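J.: Fold the following, please.
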Amino acid sequence: MLTHRISRYFVLSVFILSLFVGLINFNDSAAVSTSIALRPNSTIASAWSPIGTANAGCTGNCSYVNEPSSAPDITNYVTSASGDATPVTDEYGLEDTTAGQTATTVTVRAYVARQGTLGSPQISLNLRIGGNLQTANTTTIVSAQNVFVWYEASYTGAWTQSELNAASMTVTRIGQFLGSSFRVATVETTATLQSPAQSQDTSRVYANANSLTPGTPLAATNTRADVVQNTQFRIRAGITVSDYAWNTGTWGPHANSYSLIYAQKTAASCAAQATGWGTVQVGTGAIQWFDNPAIANGAVISSYAQDPTTSGTKVYQVYRESNSLTNSTAIPVGNTGIWDFSLVSAGSTAPGTSFCFRVLKNNGADLTTYAIYPEVIITKDYGVGIVDASGIDVISPLVAFASSTVSTSQCSLQTATLGTSSQKIRINNDLITNGWNVSMAATGGPTALWTSGSNTYDFNDPSGSPAGCGDGGDADALAGQLRVNPTTQTVTPKAGCSTTGLSTGTDTKFSQGITDAITLSAATSSSSRFCYWDITNIPLEQRIPAATAAGNYSLDMTVTMTAL
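T.: A predicted model of the protein is given here:
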């Protein structure tokens with residue numbers, strides 16, 4: 001009995017990842033504005049006379065005028081004398097704020113009633129911000145006696161949180177000899193605060209490196225990248241601001257803190273992915289934070305020649321191995337903040353699964369726009385093996401030729417089939433993009449022989465008539481030749497896959513030094529990834545030399561898959 005044993009051979013490769021991040025444009029929206037009322041919390045200068053009962057929350061004259069504007073108590077107030085010949089001023093410090101990013105409009109207000117009917121008394125309101133008094137707004141009190149009316153003055157600018165939190169307001173009675181006095185029941189400052197319009201608009205994926213600079217880029221800017229299953233990777237992502245600068249510190253309703261979230265892509269695009277979003281975490285999830293031991297979490301990053309491209313100047317922020325992230329450096333209007341995220345694809349995520357990423361405010365609010373989403377697709381490896389009808393690896397596959405009675409004067413021909421329902425050749429590709437080739441060759445190389453104990457014959461000698469029946473010019477002095485005809489093979493793709501881009505090898509015989517390997521199947525770049533194909537029904541023919549000694553002969557063969 002002649003037996004061909006086809007040894008299982010599996011090629012593992014680590015390939016550089018490739019990324020697709022579609023350019024998906026949202027409708028742009030304006031910066032987020034917040035209006036907040038700031039009441040007095042300290043008295044900086046007090047020249048007015050307090051009347052009534054002081055309120056809690058501050059000391060000095062401010063305790064008489066710090067009530068909410070919605071319900072001021074007019075029995076508690078500060079008052080000016082009617083005979084002041086020179087201006088008299090009270091100045092009040094104000095509450096701090098934690099909302100917004102930039103103060104763009106500040107309005108100072110006073111709830112004032114005139115006392116008496118003499119003269120034309122005037123009140124002057126002003127704002128001290130950024131250490132400077134603005135232009136005072138002076139108004140003549142025209143209300144009827146004992147009727148409280150709001151008077152106000154508005155100022156525009158672009159002030160930081162620290163400037164706004166150090167601001168104060170002044171209330172001045174312009175001196176008019178023998179003019180009427182007036183009362184101020186409450187004062188406040190109303191600030192309009194703006195958060196900048198933020199657009200997540202650039203990214204690039206890299207191999208990991210245990211350094212602040214990431215490894216080799218795995219794809220171009222804004223392009224989906226291949227990430228091998230259970231492999232670390234890095235994303236540098238950029239957020240561009242418009243309208244207003246993006247200030248540093250805890251300045252915003254979300255404390256200026258952000259999180260990286262991700263979702264398995266089940267929609268047509270990351271922009272259309274409405275469900276499944278979750279925060280990237282340490283030690284759990286399909287995508288996790290990865291700790292590079294040589295890098296401090298939160299370390300400030302710097303320029304890299306392979307950075308993602310941006311429309312504005314890059315403002316480098318920090319390297320992150322966890323949420324929450326902030327901007328360590330203020331980002332001027334039109335510039336792009338760049339962060340570096342260290343991640344790992346964890347667990348047994350199926351090859352071909354894609355994940356989308358986006359930055360989210362820690363109060364759950366989106367950025368203004370998401371022009372792009374970083375995106376990775378999980379890959380694994382590629383290879384070829386022999387599987388049974390259930391797709392389980394066959395440990396010791398073999399192809400058996402039928403028994404043959406050999407003539408002492410004539411060579412004979414025996415046939416077999418490579419690839420049956422119980423021993424299928426399975427070609428698997430979870431990685432290769434440019435095509436592949438699957439071939440078979442003798443495991444022992446071109447000088448290998450069919451062997452039964454000390455008896456042998458050849459598998460790659462084309463000599464004689466018919467071919468293979470005679471010894472040629474090789475060194476073994478043996479006849480015999482094996483023919484492989486993959487043109488008749490049956491190809492069964494994995495469900496959902498196709499045979500597009502696949503081709504069969506040609507009907508070929510082994511010939512030492514000329515044809516040492518025979519192609520069984522091949523594929524071009526148009527073939528699918530994340531698919532497998534089962535190959536059956538490849539005829540084999542072996543010429544057996546005359547007078548071959550009886551025995552059970554075997555020849556080890558190896559099937560190899562190679563990326564193109």
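J.: Alpha carbons of stretch 38-45, as CSV, please.
T.: Provided in CSV are the C-alpha atoms of stretch 38-45 (Å, rounded to 0.1, in the frame of the first residue of the first chain):
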residue,chain,number,x,y,z
LEU,A,38,-22.5,85.9,40.4
ARG,A,39,-23.4,87.5,43.7
PRO,A,40,-21.2,89.5,46.0
ASN,A,41,-19.1,87.5,48.4
SER,A,42,-16.8,90.1,49.8
THR,A,43,-16.6,93.8,50.4
ILE,A,44,-13.5,95.5,48.9
ALA,A,45,-14.5,99.1,49.6
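J.: which residues touch it?
T.: 57-63, 65-68, 89-97, 168-170, 187-191 (Cβ atoms under 8 Å, 6 or more residues apart in numbering). (Glycine included, C-beta is placed from N, CA and C.)
J.: got the buried residues for it?
T.: For stretch 38-45, burial by neighbour count (16 or more other Cβ atoms under 10 Å) applies to 38-44.
J.: quick one: which of these is nearest W159?
T.: Closest approach between the buried residues of stretch 38-45 and W159, by Cβ to Cβ: L38, at 12.6 Å.
J.: measure that closest one to T190 for me?
T.: 8 Å (Cβ to Cβ, to the nearest Å).
J.: from the contacts of stretch 38-45, which would you call buried?
T.: 58, 60-63, 65-67, 89-95, 97, 168-170, 187-191.
J.: wouldn't S303 be in contact with T313 here?
T.: No - using Cβ atoms under 8 Å, S303 makes no contact with T313, being 11.0 Å away.
J.: can I see the domain layout of the protein?
T.: 2-13+382-563, 32-195, 196-379 (automatic domain parsing).
J.: In JSON lines, list those along with mean pLDDT.
T.: As requested, the domains of the chain are exported to JSON lines (pLDDT from 0 to 100):
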{"stretch": "domain 2-13+382-563", "mean pLDDT": "91"}
{"stretch": "domain 32-195", "mean pLDDT": "89"}
{"stretch": "domain 196-379", "mean pLDDT": "95"}
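J.: For the helix or strand hosting S554, which helices and strands make contact with it?
T.: Element membership for S554, per DSSP states H and E: strand 553-563. Under the contact criterion of 3 or more Cβ pairs under 8 Å, 6 or more residues apart in numbering; DSSP states H and E, strand 553-563 touches strand 2-7, strand 382-387, strand 436-442, strand 450-452.
J.: Which parts of that strand count as buried, going by neighbours?
T.: 553-555, 557-562.
J.: try stretch 158-167
T.: 159-161, 163-167.
J.: From these, which land in helices?
T.: 161, 163-165 (DSSP state H).
J.: Would you mind measuring from the residue nearest to R529 when sequence neighbours are not counted to G278?
T.: In space, and not counting its chain neighbours, R529 is closest to N429: 5.7 Å by Cβ to Cβ, 6 or more residues apart in numbering. Distance, N429 to G278, by Cβ to Cβ: 30 Å.
J.: ok, the two, which is more surrounded?
T.: Neighbour count, other Cβ atoms under 10 Å: between N429 and G278, N429 has more, with 26 against 13.
J.: Report the beta-bridge partners for that one.
T.: Y382, C531 (DSSP bridges).
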